[in-house]
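Undergrad: can you look at this prediction? I've put the sequence above it.
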Amino acid sequence: MSVVVTGATGHLGRLIVANLLAGGLPADQVVATGRRTERLADLGVRTATADYGDPAALAAAFEGAETVVLVSGSEPGVRVAQHAAVIDAAKAAGVRRLVYTSAPHADTSALALAPDHKATEELVRASGLAWTIVRNNWYTENYVGALEQARSTGVLLSSTGDGRVASASRDDYAAGAAAVVLGEGHEGKVYELSGDVAWSFEELADALSTVLGTPVVNTQVSFDEHRAILVDAGLDEGTAAFVATLDADIRRGDLADATADLRTLIGRPTTPLVEGLRAAVA
Ligand SMILES: NC(=O)c1ccc[n+]([C@@H]2O[C@H](COP(=O)([O-])OP(=O)(O)OC[C@H]3O[C@@H](n4cnc5c(N)ncnc54)[C@H](OP(=O)(O)O)[C@@H]3O)[C@@H](O)[C@H]2O)c1
């Protein structure tokens, strides 16, 4: 079984490759791909350059592969076309199965990032390929920036209200994706992957305080105040609005669904918040 992982130059894809190897897939049956291929050299597997905008390169990278793990792209707005190119190339190359990393409840969620994932999921289902969709909740590592800010200010600032986030560490999600690739019976399934616990921002402030060894205060502001604070801090208007919108999504509960899917796939509890934050800053 030969498995191609896209986005292996990035954080998640790299960990998926590592988890495939840890799960017993021989190194010569793993192909790690991305654009910045210099980042792949130390993975110890086969490598190929694959730009989502370059169908010929995708086709060459997928040659002879049984499974493609499509790690969603990082440029919102162009991702659906990029993902479509990957799916088309996989079909043309005779790939049997596609595993796609999506977003929580992508088909019904109002999460700002959901539309790209919903559209991609529809392409995956219509492709004729065997497929599995792994919908990843937030990475715990997303809060490393908040930790660094809290280190200097003692404040965790957000506009998330009472919203909760069922985060897990990237390595947990990578282990989940690898389990889907290496295991049986996952075809045609959608998994809602999350941490075991949906934590509040009060609990996140406590976790940051534990990791930093200093007090951290959960400070809530409104959407408009948050956006203005981010612009004052130097973000452009669009980015500030985007960040505040993600907090509004959390406030609404879009990331609060803690399921058993990930811990069932990986056969262990997901990484607790404090432990995940500690590892991320180690
Ligand atoms: N659940 C969450 O909390 C969360 C947070 C952030 C992002 N995400 C999503 O999850 C994905 C993986 O997360 P991550 O932390 O590993 O992100 P990351 O480190 O930024 O990696 C993104 C990967 O996408 C690849 N990529 C982007 N555009 C590409 C293109 N045009 N052609 C080929 N490859 C392309 C990049 O490869 P090259 O640049 O080398 O080409 C890189 O390997 C992200 O891309 C995003 O869709 C989820």
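TA: Perfect, I can see it now. Residues are numbered from 1 along each chain as shown.
Undergrad: closest residue of this structure to the ligand?
TA: Nearest residue of the chain to the ligand (Cβ to the nearest ligand atom) works out as Gly10 at 2.0 Å. (Each C-beta comes from the backbone N, C-alpha and C, glycine too.)
Undergrad: isn't that residue right up against Ser74?
TA: Yes. Counting by Cβ atoms under 8 Å, Gly10 does reach Ser74; the two are 7.1 Å apart.
Undergrad: higher neighbour count, the two?
TA: Neighbour comparison, Gly10 and Ser74: the larger count goes to Gly10, with 17 against 9 (by other Cβ atoms under 10 Å).
Undergrad: can you tell me how far that one is from Ala32?
TA: Per Cβ to Cβ, to the nearest Å, Gly10 is found 11 Å from Ala32.
Undergrad: with Thr264 instead?
TA: Distance from Thr264 to Ala32, by Cβ to Cβ: 27 Å.
Undergrad: same thing with Val4?
TA: Going from Val4 to Ala32 by Cβ to Cβ gives 8 Å.
Undergrad: for the residue positioned nearest the centre of the chain, what are its contacts?
TA: With distances taken as Cα atoms, centre = their mean, Asn136 lies nearest the centre of the chain, 5.4 Å away. By Cβ atoms under 8 Å, 6 or more residues apart in numbering, the contact list for Asn136 reads Leu12, Thr101, Ser102, Ala103, Pro104, Tyr173, Leu193.
Undergrad: quick one, phi/psi of it?
TA: phi -90, psi 130 (degrees, to the nearest 10).
Undergrad: kindly report the same for Arg46.
TA: Torsion angles, degrees, to the nearest 10, at Arg46: phi -70, psi 150.
Undergrad: so what's it closest to, chain neighbours aside?
TA: Of all residues not flanking Arg46 in the chain, Val31 sits nearest, at 4.6 Å (Cβ to Cβ, 6 or more residues apart in numbering).
Undergrad: so which strand or helix has the one you found?
TA: Assigned by DSSP states H and E, Val31 belongs to strand 30-34.
Undergrad: does the longest helix anywhere in the chain reach the ligand?
TA: As assigned by DSSP state H, the longest helix anywhere in the chain is helix 237-252. No. Residues of helix 237-252 are not located near the ligand by Cβ under 6 Å from any ligand atom, the shortest gap being 9.7 Å.
Undergrad: tell me which residues of the helix or strand following that helix are tucked away?
TA: Where DSSP H and E defines the elements, the next helix or strand beyond helix 237-252 is helix 261-266. Neighbour counts over helix 261-266 (16 or more other Cβ atoms under 10 Å) mark Asp261, Leu262, Arg263, Leu265, Ile266 as buried.
Undergrad: alright, that wraps it up for me.
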